[in-house]
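Enquirer: give me coordinates for this.
(chains A, B, C and D)
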There are 2 protein chains.
Amino acid sequence: MDEKHYSIGEFANMTGLSTYTLRYYEQEDLIVPQRDENNRRYYTVLDLKWIGFLLHLKGTGMTMEQIEDYVSLRKQGDQTIDERIDLLKNVQKDSLAKIEEMQKNLKVLSDKINWYEGKKNNTINDDFETYQNRINQGDQKDE
Amino acid sequence: MDEKHYSIGEFANMTGLSTYTLRYYEQEDLIVPQRDENNRRYYTVLDLKWIGFLLHLKGTGMTMEQIEDYVSLRKQGDQTIDERIDLLKNVQKDSLAKIEEMQKNLKVLSDKINWYEGKKNNTINDDFETYQNRINQGDQKDE
DNA sequence: TTACAACTTAAAGTTAACTCTAAGTCAATT
DNA sequence: AATTGACTTAGAGTTAACTTTAAGTTGTAA
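Expert: All right, here's what the predicted structure looks like:
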């Protein structure tokens, strides 16, 4: 099983990454495809899952460097599991904070849109600041 | 009122931006401070609110270019309100999509952490893929 | 046999959004 | 008198994460 082989070109199409990027990731030790009898790279469905996971990590805001650290820990075996957990928990925390921050920013944006709409149809006369204060009565504001 | 004046250095401290950045934003027409009798920039509390709003826009993922477009529309007066609403709604849509994407990525990350913890204390024997499938039974997966 | 896809190394280019330097001026403060 | 902070223009440097080019090699396919 798992015997299907994909060339770098095919794999690029499957993952949405360019062949350049795939080679670049390999240079950074993030993926290590196997080689055929002509020294050509080939990727398998396992590589596909792995890349999928990497892209999820990237998508949380993890930098290449952090991902490289994580991959390096993985290579060192099970005794690094606690370190990996620590690393991922840190990323989790940062990612959560980032999402919350974005939600705050989005809230201001949405308020602004509503304010514009209200201005247009004359249901709002306040200036934006006043409108915000009125509409967000009782909300906690930290920062 | 609103008579307090802040030098660029003070204003940099208040906003967390550098004086370089402030001058750069000015170059890009994002803020236009006033000048005193010696041609020195000064900023007011209105500028502070404005920068605050800009930073919220930035925080939604809006690029400088989009912000510059928005500011340019503002300068053209009330007849551009519809365009501004369109622009902001687009940003809102993108920002929301981005947040949702990040939440998906964070979910995978959290699953991974839980999987590691479960592996550590022997409450999980599945490999990660199997664990994910088991734990996320009945979830929609689009993409 | 011509084209195509992959292979290599090394290095340069790209993008956004700053960030900093140079080099000289000016006004206020110590 | 010296320091400090701000002013100017123009241009160079920074960072991350690719992206592309060069320049030559090799194997498979039409």
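Enquirer: distance check, A:M64 against A:R35.
Expert: In this view, A:M64 and A:R35 are 24 Å apart by Cβ to Cβ, to the nearest Å. For the C-beta atoms, the positions are set from N, CA and C on the backbone; glycine is no exception.
Enquirer: distance between stretch A:118-133 and the chain's centre?
Expert: Averaging C-alpha positions (Cα atoms, centre = their mean, to the nearest Å) puts stretch A:118-133 36 Å from its chain's average.
Enquirer: apologies, that question was intended for stretch A:59-70.
Expert: 9 Å.
Enquirer: that stretch: which residues count as buried?
Expert: By 16 or more other Cβ atoms under 10 Å in any protein chain shown, the buried positions in stretch A:59-70 come out as A:G59, A:T60, A:G61, A:M62, A:Q66, A:I67, A:Y70.
Enquirer: checking the third one next. Helix, strand or coil?
Expert: Under DSSP: H, G, I helix; E, B strand; the rest coil, A:G61 falls in the coil class.
Enquirer: now, among the buried residues of stretch A:59-70, which is nearest to A:V108?
Expert: Of all the buried residues of stretch A:59-70, A:V108 sits closest to A:G61, with 20.9 Å by Cβ to Cβ.
Enquirer: so who does the residue positioned nearest the centre of chain A touch?
Expert: Closest residue to the average C-alpha location of chain A: A:G59 at 0.6 Å, with Cα atoms, centre = their mean. Contact analysis of A:G59 by Cβ atoms under 8 Å, 6 or more residues apart in numbering or on different chains lists B:E101, B:M102, B:K104, B:N105.
Enquirer: among the residues you listed, name the ones in helices.
Expert: Residues of the contacts of A:G59 located in helices (DSSP state H): B:E101, B:M102, B:K104, B:N105.
Enquirer: ok, the closest residue to A:I67 other than its chain neighbours to DNA strand D distance?
Expert: Nearest non-adjacent residue to A:I67, counting by Cβ to Cβ, 6 or more residues apart in numbering or on different chains: A:L57, 5.6 Å away. Separation of A:L57 from DNA strand D (Cβ to the nearest atom of the strand, to the nearest Å): 11 Å.
Enquirer: next, the residue located most distally from the centre of chain A: secondary structure please.
Expert: Each residue of chain A has a distance to the centre, and by Cα atoms, centre = their mean the biggest one is for A:N122: 41.4 Å. Per three-state DSSP, the secondary structure class of A:N122 is coil.
Enquirer: distance to DNA strand D and neighbour count added to the contacts of A:G59, as TSV?
Expert: What follows is those, written out as TSV (distance: Cβ to the nearest atom of the strand, whole Å; neighbours: other Cβ atoms under 10 Å in any protein chain shown):
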residue	distance to DNA strand D	neighbour count
B:E101	15	14
B:M102	15	18
B:K104	18	16
B:N105	14	20
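Enquirer: between the residues you listed, which is nearest chain A?
Expert: Lowest distance from chain A to the contacts of A:G59 (Cβ to the nearest Cβ) belongs to B:N105, with 3.5 Å.
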